[in-house]
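S.K.: Have a look; sequence and predicted model below, questions after that.
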Amino acid sequence: QVQLVESGGGLVQAGATLRLSCADSGRTFGRNGAAWFRQAPGKEREFVAGISWSGVRTSYADSVKGRFTISRDNAKNTVYLQMNSLKPEDTAVYYCATDRTGWGTGTEDEYAYWGQGTQVTVSS
């Protein structure tokens with residue numbers, strides 16, 4: 001059974017930096033695409049960033065382009081989200097997910113496994 005465990009969330013001030021990590025216990029991580037999604041209070045879950053199985057392809061939501069960077073280390077079965085220049089509107093629960101396609105797109109239906117989420121709160 002695949003288990004994804006996120007870490008690295010917290011309470012920070014606007015302009016600060018956080019790095020989220022997501023460790024995957026599965027055996028196929030190196031063949032799965034991965035992504036980060038987030039859900040703010042009262043809002044639907046939204047795509048933040050995705051990365052293909054090889055790490056070559058990445059994609060980002062317009063709201064985080066230039067500030068967030070997704071990366072992965074297949075030797076450690078871990079995907080990361082480096083978040084710079086954080087804004088109050090980045091406040092949300094952040095979820096990592098892995099897919100079956102290998103591409104790490106923004107299509108939520110492609111993601112088979114999800115973590116429990118980690119809270120990120122950015123104060124102004």
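M.R.: Noted; the coordinates are in hand.
S.K.: Straight-line length of stretch 81-96, end to end?
M.R.: Stretch 81-96 has an end-to-end distance of 9 Å (C-alpha to C-alpha, to the nearest Å).
S.K.: and the residue positioned nearest the centre of the chain, helix, strand or coil?
M.R.: Centroid-nearest residue in the chain, with C-alpha atoms, centre = their mean: residue 36, separated by 2.2 Å. Under DSSP: H, G, I helix; E, B strand; the rest coil, residue 36 falls in the strand class.
S.K.: And the pLDDT for the closest residue to it other than its chain neighbours?
M.R.: Distances taken as C-beta to C-beta, 6 or more residues apart in numbering put residue 48 closest to residue 36, at 4.4 Å, once the chain neighbours are dropped. C-beta here means a position set from N, CA and C on the backbone, and glycine is covered the same way. Looking at residue 48, its pLDDT is 98.
S.K.: distance of residue 48 from residue 115?
M.R.: Applying C-beta to C-beta, to the nearest Å, the value for residue 48 to residue 115 is 13 Å.
S.K.: higher neighbour count, these two?
M.R.: The neighbour comparison of residue 48 against residue 115 (other C-beta atoms under 10 Å) goes to residue 48, with 25 against 22.
S.K.: doesn't residue 40 make contact with the more buried one?
M.R.: No. Look at residue 48 against residue 40 with C-beta atoms under 8 Å: they stay out of range, at 11.3 Å.
S.K.: The closest residue to residue 13 other than its chain neighbours: how many residues sit nearby?
M.R.: Sequence neighbours aside, residue 123 is the residue nearest to residue 13 in space, at 5.4 Å (criterion: C-beta to C-beta, 6+ apart). Residues lying near residue 123 (other C-beta under 10 Å) number 11.
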